[in-house]
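> I would like the atomic coordinates for the input below:
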Amino acid sequence: RKIETRYESNGVSNIFLSFEPLAGKRFVTIAPRRRRLDWVAHIQHLIENIYTKAARIILIVDNLNIHTGAALYETLPPQ
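Predicted coordinates for the structure are as follows:
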């Protein structure tokens, strides 16, 4: 019996995951696309809602083309 399978794309989404390993915390944002603006919105959520009292936040990111300091400066005003 011959069975033919076909790949059907049901759309895509992007998952941004940030974690604090020593505290055992993970933060996830699901975005419809992978854009700089979506990544910056994820980082901004962490800054404004999760780590509001932090004096310094250290980001370690992978080599994805949207994970750059320039993306932060393009979207958020520097202080």
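> How far off centre is the lengthiest helix in the chain?
Taking DSSP state H as the criterion, the chain has its longest helix at helix 36-45. From the chain centre to the centre of helix 36-45 is a distance of 6 Å (Cα atoms, centre = their mean, to the nearest Å).
> what does it rub up against?
Helix 36-45 has contacts (Cβ atoms under 8 Å, 6 or more residues apart in numbering) with 14, 16, 18, 27, 29, 31-32, 59, 66-68, 71-72, 74-76. From N, CA and C alone the C-beta is placed, and that goes for glycine too.
> Dump the helix or strand of the chain with the lowest mean pLDDT to PDB, keeping only the CA atoms.
Using mean pLDDT, DSSP states H and E, the weakest-scoring helix or strand in the chain turns out to be helix 69-75, at a mean of 85. Only the C-alpha atoms of helix 69-75 are listed here, as PDB (Å, rounded to 0.1, in the frame of the first residue of the first chain):
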ATOM      1  CA  GLY A  69      21.800  46.600  20.500                       C
ATOM      2  CA  ALA A  70      21.000  48.700  17.500                       C
ATOM      3  CA  ALA A  71      17.400  47.200  17.500                       C
ATOM      4  CA  LEU A  72      17.000  48.500  21.100                       C
ATOM      5  CA  TYR A  73      18.300  52.000  20.100                       C
ATOM      6  CA  GLU A  74      16.100  52.100  17.000                       C
ATOM      7  CA  THR A  75      12.900  51.400  19.000                       C
END
